[in-house]
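K.L.:
below is the sequence, then the predicted model.
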Amino acid sequence: MAGITDLPFRRMAIRFGAGLVVSEMIASDWLATGDPGALLRAEGEGVDLHVVQLAGCDAYWLAQGARLAERAGAQIIDINMGCPAKSVTNGDAGAALLRDVDQAERLIAAVVSAVNVPVTLKMRLGWDENSIVAPELARRAESAGVALVTVHGRTRAQFYRGSVNLSAIAHVKSAINIPLAANGDLTTYEDAAVMQVITGADALMIGRGARGRPWFPGQIGEFLETGKRPSDPSLSTQRDVLIELYESWLTLYGAVRGMREARKHVGWALEAAARSVSLSPDWIKHWRSRLLAETQTQQVISGIRRAFDDIEWKAAA
């Protein structure tokens with residue numbers, strides 16, 4: 001997820017047992033031409049199985065970006081044909097490619113032929129309910145040499161509204177012989193169990209459900225493997241994880257940008273902490289507002305400690 005699954009967050013998810021993590025979406029032409037921001041997004045130091053996700057609408061630049069990512073250490077190239085954001089689809093990339101399956105197939109073939117590492121594909125069901133193309137695109141992707149497809153069970157027109165269509169993902173699964181990962185609205189153990197049964201997916205991908213809780217993908221993996229429901233980390237562990245991540249963002253981006261990048265994560269982490277001890281996330285709104293308004297890094301870290309102390313005290317009351 002752009003702006004979320006950066007290197008510190010991915011490394012933390014791996015520490016907690018995530019089976020596979022994927023980089024932020026990167027514009028292929030920016031990466032191929034050496035844009036510093038794109039290169040930072042493609043960084044994979046400390047990630048055992050490094051996956052770089054590329055977006056684009058031009059076969060040449062997608063291929064060039066894939067080659068550069070491979071030379072820099074990417075072990076899997078993931079092509080994004082699912083992002084619904086207007087800033088992406090207005091450039092005929094992401095989910096916009098679901099309107100032109102022939103063009104999507106050409107782009108896939110260009111990337112597969114450009115690299116020696118596995119290529120995977122992320123998509124939605126289609127542009128809208130009148131153009132469900134995921135089964136056809138998945139079949140073409142398999143024929144082109146794609147190793148795995150991930151399907152988010154909504155159309156682009158839905159963005160994130162409504163519910164995911166698990167039966168539609170199952171239809172894609174039945175159309176191909178390569179593995180399929182199901183994606184969309186996975187936030188609880190119950191979601192994971194239902195998604196796996198209905199879709200028959202070989203894997204589950206978690207996106208927004210991991211915000212504020214990098215341990216969640218690992219928990220779901222353990223649950224699917226053993227049937228046991230792991231408990232959330234203690235509040236003290238959650239606090240230490242957030243502080244470690246915060247310091248990593250400052251190191252990666254520098255103090256000014258690091259504070260800015262961290263703000264959303266701090267808010268999500270506080271909400272996750274409240275939920276983990278059965279408190280309403282609304283209860284920590286005042287802490288979130290205070291911390292997001294801070295301009296001194298050490299004050300933010302001190303505030304995180306005080307916020308978690310407050311959550312612990314409230315939960316014990």
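P.N.:
Here it is on my side, so go on.
K.L.:
now do the SS call for residue 54.
P.N.:
strand (DSSP: H, G, I helix; E, B strand; the rest coil).
K.L.:
name the helix or strand of this structure that has the lowest mean pLDDT.
P.N.:
Lowest by mean pLDDT, DSSP states H and E among the helices and strands of the chain is helix 285-293, with a mean of 87.
K.L.:
mind listing residues that contact that one?
P.N.:
263, 266-267, 270-271, 300, 303-304, 306-307, 310 (Cβ atoms under 8 Å, 6 or more residues apart in numbering). For glycine as for every other residue, the C-beta is placed from the backbone atoms N, C-alpha and C.
K.L.:
which parts of it are buried?
P.N.:
Within helix 285-293, the residues that qualify as buried by neighbour count (16 or more other Cβ atoms under 10 Å) are 287-288, 291-292.
K.L.:
identify the farthest-apart pair in those.
P.N.:
By the measure Cβ to Cβ, 287 and 292 form the most distant pair in the buried residues of helix 285-293, at 9.4 Å.
K.L.:
distance from stretch 55-74 to the middle of the chain?
P.N.:
Between the centre of stretch 55-74 and the centre of its chain there are 19 Å (Cα atoms, centre = their mean, to the nearest Å).
K.L.:
give me the buried positions along it.
P.N.:
55-59, 61-70, 74.
K.L.:
on that earlier part again, and which of the buried residues of helix 285-293 is nearest residue 173?
P.N.:
residue 288 (39.4 Å).
K.L.:
measure that closest one to residue 266 for me?
P.N.:
7 Å (Cβ to Cβ, to the nearest Å).
K.L.:
same check on residue 183?
P.N.:
Taking Cβ to Cβ, one finds residue 183 at 25 Å from residue 266.
K.L.:
and for residue 230?
P.N.:
Distance from residue 230 to residue 266, by Cβ to Cβ: 24 Å.
K.L.:
do residue 46 as well
P.N.:
Using Cβ to Cβ, we find residue 46 at a distance of 22 Å from residue 266.
K.L.:
now swap in residue 179 and tell me
P.N.:
For residue 179 relative to residue 266 (Cβ to Cβ), the value is 35 Å.
K.L.:
so these two - more neighbours on which side?
P.N.:
residue 266 (24 against 14; other Cβ atoms under 10 Å).
K.L.:
contacting residues around that one?
P.N.:
Counting by Cβ under 8 Å, 6+ apart, the residues that residue 266 touches are 242, 246, 288, 291-292, 300, 304.
K.L.:
low-confidence ranges, the stretch 151-300 of the chain, go.
P.N.:
In the predicted model of the stretch 151-300 of the chain, no residue satisfies pLDDT under 70.
K.L.:
so which bits of stretch 212-225 are buried?
P.N.:
Under the neighbour-count criterion of 16+ other Cβ under 10 Å, stretch 212-225 has 212-224 buried.
K.L.:
out of the residues you listed, which sit inside helices?
P.N.:
Of the buried residues of stretch 212-225, the ones assigned to helices by DSSP state H are 216-224.
K.L.:
want to throw those residues into a markdown table with distance to residue 151?
P.N.:
Shown next, in a markdown table, are those (distance: Cβ to Cβ, whole Å):
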| residue | distance to residue 151 |
| --- | --- |
| 216 | 20 |
| 217 | 18 |
| 218 | 22 |
| 219 | 22 |
| 220 | 17 |
| 221 | 19 |
| 222 | 24 |
| 223 | 21 |
| 224 | 18 |
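K.L.:
can you name the two of the residues you listed that are farthest apart?
P.N.:
Top of the distance list for those (Cβ to Cβ): 216 and 224, 12.7 Å.
K.L.:
so how many other residues sit close to residue 15?
P.N.:
14.
K.L.:
I misspoke; the intended subject was residue 166.
P.N.:
There are 21 residues near residue 166, going by other Cβ under 10 Å.
K.L.:
run the chain-centre distance for whichever strand or helix holds residue 102.
P.N.:
Secondary structure assignment for residue 102, by DSSP states H and E: helix 101-114. Distance of helix 101-114 from the chain centroid (Cα atoms, centre = their mean) equals 23 Å.
K.L.:
and the buried residues of helix 285-293, which is closest to residue 106?
P.N.:
Distances from residue 106 to those, taken by Cβ to Cβ, are shortest for residue 292, at 44.1 Å.
K.L.:
pull the number of nearby residues for residue 24.
P.N.:
Around residue 24 there are 20 residues (other Cβ under 10 Å).
K.L.:
where does it fall, secondary structure wise?
P.N.:
strand 22-27.
K.L.:
just checking, what packs against that strand?
P.N.:
Strand 22-27 is packed against helix 36-41, strand 51-55, with contacts defined by 3 or more Cβ pairs under 8 Å, 6 or more residues apart in numbering; DSSP states H and E.
K.L.:
can we see that at 10 Å?
P.N.:
Applying 3 or more Cβ pairs under 10 Å, 6 or more residues apart in numbering; DSSP states H and E, one finds that strand 22-27 makes contact with helix 7-15, helix 36-41, strand 51-55, helix 59-71, strand 76-81, strand 119-124.
K.L.:
that concludes my questions; thank you for your assistance.
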